[in-house]
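Peer 1: need coordinates for the following:
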Amino acid sequence: QRTHNPLVLGSNPRGSTILTRINCASQATGRWGFFVLRVTDTRWVTRMNSLPTAADVAALMEELAPLELKMEWDNVGLQLGDGKKPVGKILVTLTVTDRIVEQAAAQGVNLIVAHHPLIFRPLYQIRTDTYLGSLVACLVRHEIAVYTCHTNLDTAAYGLNHWLAEELGLEQTGVLVPGSVPGTGIGRVGLIRPRPVAALAEWVQEKLGSDVRIIGPRDRICERVAVCGGSGGDFVGHAVSSGGAALITGDVSYHDALEAVGAGLAVIDAGHHGTEKVMVPHVASYLRERLPTAVQILEDAGEDPFTS
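Peer 2: Sure thing, here's the model as predicted:
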């Protein structure tokens, strides 16, 4: 018996890539195993009767969010751990915090897949009496690898901003700030059922489960809106140019708010955490569909430091 489930994992600027998983039971032993067949520029990789490695999971994540899509200043990819180590349990989260690390260690997690980089600025020392140093030391001690996908997931065609737009019910969507690869870029803009800004803010708060702030006129009717996960205050001008009546984002600064008011744009600030945590269930689902059932995928969006 065997089930053959071909999976086309999105665009890859470097060439065509197809990943196929075959679950098969040996007639001789009755044991179950799996093959992972990957075609990348006509090269094949096969594996049987083994768990995927951290490098295998990284390759899957980079089909969803290719490294080439990251911003120049960003630091993404496998940041900690051995790429050759087998992975039987994965924790998907937004940010690697002390609680997330403690949970991962207690539950026997082999790999954390996070949105925000664990290591962003250069590490000149790893001191265990510092917050970051203690996190790194604990992860190394428990042999937990860390993979991060940040701005490459933000800009991916079917990444974080695509999911945020879907969650908020946008239709006929386009990219707010197009990237170098067609279909990629920061933010999305689209149509919603017409409603006042105040009613839209209530809808956003309900859908995202996050407190919101309203900037600008509450009674303005919104039909075309822009969304940007995380810190989107820099894109007020793009939201205006796109014809949007409102921008839904997080981390809006005082000066960004003044610019929006001056341009007649309403802004709904649902927080950095609130507008990005949508990536956790979607990344977890993406990995469950593509990894063998022997791999357990856990989810924890973590806490919003402004409300927890």
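Peer 1: quick one, helices of the protein?
Peer 2: Ranges of helices in the chain, per DSSP state H, are 54-64, 98-106, 131-141, 151-155, 160-167, 197-208, 236-241, 254-263, 272-276, 279-290.
Peer 1: please report how far residue 125 lies from residue 79.
Peer 2: Remark: distance between residue 125 and residue 79 (CB to CB, to the nearest Å) = 17 Å. Any C-beta I mention is one placed from the backbone N, CA and C, and that applies to glycine too.
Peer 1: compare those two (neighbour count), which wins?
Peer 2: The residue with more neighbours, out of residue 125 and residue 79, is residue 79; 19 against 6, by other CB atoms under 10 Å.
Peer 1: chain neighbours aside, what residue packs nearest to residue 271?
Peer 2: residue 250 (4.6 Å; CB to CB, 6 or more residues apart in numbering).
Peer 1: what is the burial count for that neighbour?
Peer 2: There are 24 residues near residue 250, going by other CB under 10 Å.
Peer 1: same check on the one 10 residues further on?
Peer 2: Here the number of neighbours of residue 260 (other CB under 10 Å) works out to 22.
Peer 1: and if you look at residue 126?
Peer 2: Residues near residue 126, counting by other CB under 10 Å: 13.
Peer 1: pull the number of nearby residues for residue 158.
Peer 2: Residue 158, neighbours per other CB under 10 Å, totals 18.
Peer 1: would you confirm that it contacts residue 64?
Peer 2: Yes: using CB atoms under 8 Å, residue 158 is in contact with residue 64, at 7.1 Å.
Peer 1: and the pLDDT at the nearest residue to residue 156 once chain neighbours are set aside?
Peer 2: Counting by CB to CB, 6+ apart, residue 156 lies nearest to residue 65, which is 4.3 Å off, once chain neighbours are set aside. With respect to pLDDT, residue 65 scores 98.
Peer 1: sorry, back to before: rebuild the helices of the chain as CSV, extending it with distance to residue 88.
Peer 2: Output for those, formatted as CSV (distance: least, CB to CB, whole Å):
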stretch, distance to residue 88
helix 54-64, 11
helix 98-106, 13
helix 131-141, 17
helix 151-155, 24
helix 160-167, 27
helix 197-208, 32
helix 236-241, 43
helix 254-263, 44
helix 272-276, 27
helix 279-290, 13
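Peer 1: and these: which comes nearest residue 89?
Peer 2: In terms of CB to CB, the element of the helices of the chain nearest to residue 89 is helix 98-106, at 8.6 Å.
Peer 1: go through that closest one and flag the buried ones.
Peer 2: Neighbour counts over helix 98-106 (16 or more other CB atoms under 10 Å) mark 100, 101, 103, 104 as buried.
Peer 1: pick the one among those closest to residue 305.
Peer 2: Scanning the buried residues of helix 98-106 for proximity to residue 305, where the rule is CB to CB, the winner is residue 100, at 12.9 Å.
Peer 1: any idea how far that closest one lies from residue 59?
Peer 2: 23 Å.
Peer 1: do the same with residue 290
Peer 2: 10 Å.
Peer 1: and stretch 184-203, what's buried?
Peer 2: Buried-residue list, stretch 184-203, by 16+ other CB under 10 Å: 184, 185, 186, 187, 188, 189, 190, 192, 197, 200, 201, 203.
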